[in-house]
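A.B. asks: No sequence on hand, only this structure:
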């Protein structure tokens, strides 16, 4: 390649070949993947084709939230238009099957600050947040839910804590009577378990309403875990952290997506991804039981040797059965714990992406989609026609040189 360039510069007879190559490459458009964390990406001018980089990015995972899209947009605009109008709001549709994408596209037509990232299927709330972090371009990124239980009016206070020097600001819910009493009680128990079992300090009452500085976003994007627990990972990355206490609101519309079993799975992801203490506790319990069993065995043998009354008779089968069932339960629990860690290791070694993007509106990954293929039009011309045109053009150039 260097020799060809030198020949072109010195006027050698490589000109026809180089003209042909230049002509072939002139119409080739290579899509470029822009890294939001690249230093060249910040300060991009509108004429660069990327659009100006906003100061604030708001990531909102949404699963069938068509009733809340417009209301959330109105509340965000009311909270930020006078305080920080330079923002973008990215709705991450987690495989929504209702009109969520349609509502966001209509919103984008009215205000390009509202954008859409539609995943190919439902990957889960936590991977959807990661997808939004991957595509958010702002100097500051805020994650929040779409149901308006996280009040947008608290965003200025989060930004104020960021200005004071915090890199991660957690919005912590004050005690409330909103929601089912059973679910509230389960959440309190779950946070208690997380604080005792996890190796990082989980803030009780924290949710996924959180502010990240750009360097914290870089750190979160480096963690490509399959079974994510963002509340714990946000504490694990460190940096300067602060908290803001908010009043949780009633859900604006639709139904809650987190059932009891989904909350239980989220709790398990938090424990198993951030701690190995369950295995340690099982090992300690097994050691203690072994010591107690050994002491009891010594007692039984000694009583038999010294012919103590009651130890030569065949009796005590209820206690024996109870001991066997108890030990069997302990063993099955230990096997289940090891299986949980092994299953998560299996998920990681497969190295599958945490999410797949089906389509987007207003984001950088628009350049990665082929609109001609999205139109689903059956071609009426053979695929070899462009090749024939290239051959004709090459023949014309060769004839012109001769």
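C.D. replies: Here it is on my side, so go on. This one's a predicted model, so the numbers in the text were calculated from it and none came from an experiment. Residues are numbered from 1 along each chain as shown.

A.B. asks: Helices of the stretch 51-200 of the chain, residue ranges please.
C.D. replies: Counting by DSSP state H, counting those that start in this stretch, the stretch 51-200 of the chain has helices at residues 69-80, 100-110, 125-135, 155-163, 181-197.

A.B. asks: which stretches of the stretch 251-400 of the chain have low pLDDT?
C.D. replies: The model of the stretch 251-400 of the chain has pLDDT under 70 over residues 300-301, 303-304, 307-319, 321-322, 365-388, 390.

A.B. asks: Residue 327: neighbour count?
C.D. replies: As a burial measure, residue 327 scores 13 neighbours (other C-beta atoms under 10 Å). All C-beta spots, glycine's among them, are computed from the backbone N, C-alpha and C.

A.B. asks: Can you give me the separation between it and residue 233?
C.D. replies: 37 Å (C-beta to C-beta, to the nearest Å).

A.B. asks: Same question for residue 88.
C.D. replies: Going from residue 88 to residue 233 by C-beta to C-beta gives 23 Å.

A.B. asks: if you count what's nearby, which of the two comes out ahead?
C.D. replies: Legend: neighbour count by other C-beta under 10 Å for residue 88 and residue 233, higher for residue 88 (24 against 19).

A.B. asks: pLDDT at the more buried one, what is it?
C.D. replies: Per-residue confidence (pLDDT) for residue 88: 91.

A.B. asks: Check the helices of the stretch 51-200 of the chain for me: which has the lowest mean pLDDT.
C.D. replies: Here the lowest mean pLDDT among the helices of the stretch 51-200 of the chain goes to helix 181-197, at a mean of 77.

A.B. asks: buried ones in it?
C.D. replies: Within helix 181-197, the residues scored as buried using 16 or more other C-beta atoms under 10 Å are 187, 190, 191, 194, 197.

A.B. asks: Check whether the second one really touches residue 268, as I assumed.
C.D. replies: Pointing back at residue 190 there. No: if you go by C-beta atoms under 8 Å, residue 190 and residue 268 don't touch, sitting 9.8 Å apart.

A.B. asks: where's the residue nearest to residue 252 when sequence neighbours are not counted relative to residue 78, distance?
C.D. replies: Counting by C-beta to C-beta, 6 or more residues apart in numbering, residue 148 is the residue found nearest to residue 252 once chain neighbours are left out, at 4.1 Å. Distance, residue 148 to residue 78, by C-beta to C-beta: 12 Å.

A.B. asks: So which of these two has more stuff around it?
C.D. replies: residue 148 (19 against 11).

A.B. asks: number of nearby residues for residue 169?
C.D. replies: 26.

A.B. asks: So it versus residue 270, what's the distance?
C.D. replies: With C-beta to C-beta as the criterion, residue 169 and residue 270 are 20 Å apart.

A.B. asks: Which parts of this structure belong to which domain?
C.D. replies: 2-28+380-401, 46-260, 277-349 (automatic domain parsing).

A.B. asks: Just list what the longest helix anywhere in the chain packs against, helices and strands only.
C.D. replies: The longest helix of the chain (DSSP state H) is helix 317-349. In terms of contacts (3 or more C-beta pairs under 8 Å, 6 or more residues apart in numbering; DSSP states H and E), helix 317-349 is packed against helix 260-274, helix 277-305.

A.B. asks: quick one: buried residues of the longest one?
C.D. replies: Along helix 277-305, the positions that meet the burial threshold by neighbour count (16+ other C-beta under 10 Å) are 278, 282.

A.B. asks: One more: stretch 76-83?
C.D. replies: Buried residues in stretch 76-83 (16+ other C-beta under 10 Å): 76, 77, 79, 80.

A.B. asks: Done for today, thanks.
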